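Colleague: Take this sequence and fold it.
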Amino acid sequence: MDNRKNDDITHSGHRIRLTNLISNSGINNVSNIQAVEFFLTYIIPRGDVNPLAHRLLDRFGNFGNIIDASENELLTIKGINRRSAKKIKLFSELMNYYTTSRLDKKVNLDNNSEFLDLLENLLRFKKTEHLVIFAFDFGYSLIDKKIYNRNSVDSTKIEPIDLYNFISSTNPKHLLVAHNHPGGYAFPSQDDYEAQRFIENIIKILGIDLVDSLIVGTNGIYSQNKRSFLRNFKPNYKTENM
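Modeller: I've put the predicted structure just below:
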């Protein structure tokens with residue numbers, strides 16, 4: 001048996017032992033190195049990923065910072081290629097999809113806290129401008145949502161055709177829109193109010209009511225209708241000092 005096959009058997013056995021350890025103990029009860037190494041077994045299907053876990057933690061400090069790193073930052077690490085960098089970046093999308101799919105099942109505007117949880121999860125830590133349109137039925141239960149990545153940090157506009165397509169597919173009674181201010185405070189600009197009026201003018205002729213226009217920033221979630229915060233966030237040193 002050649003050395004490569006011996007290495008594969010050794011590394012496979014180590015992966016099995018690591019999986020069993022985390023399965024029995026829970027991922028919160030293992031070391032940071034073991035947790036990142038376990039994550040990397042999903043990213044890189046074969047080989048010893050322990051040295052790579054050390055390099056990633058040495059560079060980024062913790063698991064969250066690894067996931068939040070850009071592809072270009074990840075590519076500076078020995079052992080990370082373009083494909084693995086993309087898979088690491090997509091993991092945050094997968095986590096977001098899991099969380100929001102669970103929240104979607106029970107969200108109703110009558111329970112404001114649940115809706116704000118969903119909105120915070122969707123927008124709080126996005127690094128680019130995102131616009132979300134929520135469709136609600138007569139009883140203010142969530143029908144569906146549409147997320148638009150504006151690919152810039154200063155664009156909140158939506159094309160009328162996108163809005164009409166979403167309305168025709170959901171047939172809502174109420175709409176609510178929200179967007180984020182990446183790395184900035186949730187205070188509305190003149191453009192934000194103009195965008196709100198733009199959407200209101202489009203949907204009012206369809207008999208649809210715009211419940212509110214919300215802004216998610218580093219300091220909280222702001223209601224343009226109420227002109228006040230619906231939720232305040234504790235200061236985050238890393239975010240506030242970017």
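
Colleague: As a check, name the ranges of all strands in the chain.
Modeller: Ranges of strands within the chain are 130-136, 142-149, 174-180, 209-217, 220-223, 228-232, based on DSSP state E.

Colleague: so what's Asp177 bridging to?
Modeller: Quick fix: residue 177 is Val, not Asp. Ile133, Ser213 (DSSP bridges).

Colleague: Can you report how many residues neighbour Leu116?
Modeller: Neighbour count of Leu116, defined by other Cβ atoms under 10 Å: 17. Just so you know, the C-beta spots here come from the backbone N, C-alpha and C atoms, and that holds for glycine as well.

Colleague: of the strands of the chain, which approaches Asn111 most closely?
Modeller: Proximity to Asn111 (Cβ to Cβ) singles out strand 142-149 among those, at 10.7 Å.

Colleague: Any buried residues in the closest one, and which?
Modeller: 142, 145-146, 148 (16 or more other Cβ atoms under 10 Å).

Colleague: hmm, back to that, distance to Leu116 and mean pLDDT for the strands of the chain - can I get that in a markdown table?
Modeller: Formatted as a markdown table, the strands of the chain follow (distance: least, Cβ to Cβ, whole Å; pLDDT from 0 to 100):
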| stretch | distance to Leu116 | mean pLDDT |
| --- | --- | --- |
| strand 130-136 | 12 | 93 |
| strand 142-149 | 13 | 88 |
| strand 174-180 | 10 | 96 |
| strand 209-217 | 9 | 96 |
| strand 220-223 | 6 | 97 |
| strand 228-232 | 5 | 95 |
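
Colleague: Out of those strands, which gets nearest to Gln190?
Modeller: Closest to Gln190 of these, according to Cβ to Cβ: strand 209-217, at 13.1 Å.

Colleague: Could you tell me how far that closest one lies from the centre of the chain?
Modeller: Centroid displacement of strand 209-217 relative to its chain, using Cα atoms, centre = their mean, to the nearest Å, is 18 Å.

Colleague: Next: stretch 29-42.
Modeller: Computed by Cα atoms, centre = their mean, the chain-centroid distance of stretch 29-42 equals 21 Å.

Colleague: same thing with stretch 185-203?
Modeller: In terms of Cα atoms, centre = their mean, the centre of stretch 185-203 is set 23 Å apart from its chain centre.

Colleague: and that stretch, C-alpha only, in PDB?
Modeller: Taking Å, rounded to 0.1, in the frame of the first residue of the first chain, the C-alpha atoms of stretch 185-203 are listed here in PDB:
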ATOM      1  CA  TYR A 185     -26.900  53.800  11.300                       C
ATOM      2  CA  ALA A 186     -30.500  53.100  10.700                       C
ATOM      3  CA  PHE A 187     -31.500  56.800  10.100                       C
ATOM      4  CA  PRO A 188     -33.500  57.400   7.000                       C
ATOM      5  CA  SER A 189     -32.200  59.600   4.200                       C
ATOM      6  CA  GLN A 190     -34.300  61.700   1.800                       C
ATOM      7  CA  ASP A 191     -33.800  58.900  -0.700                       C
ATOM      8  CA  ASP A 192     -35.300  56.400   1.700                       C
ATOM      9  CA  TYR A 193     -38.500  58.500   2.100                       C
ATOM     10  CA  GLU A 194     -38.700  59.000  -1.700                       C
ATOM     11  CA  ALA A 195     -38.300  55.200  -2.200                       C
ATOM     12  CA  GLN A 196     -41.100  54.600   0.200                       C
ATOM     13  CA  ARG A 197     -43.400  57.100  -1.600                       C
ATOM     14  CA  PHE A 198     -42.500  55.500  -4.900                       C
ATOM     15  CA  ILE A 199     -43.600  52.100  -3.700                       C
ATOM     16  CA  GLU A 200     -46.800  53.400  -2.100                       C
ATOM     17  CA  ASN A 201     -47.800  55.200  -5.300                       C
ATOM     18  CA  ILE A 202     -47.400  52.000  -7.300                       C
ATOM     19  CA  ILE A 203     -49.300  49.600  -5.000                       C
END
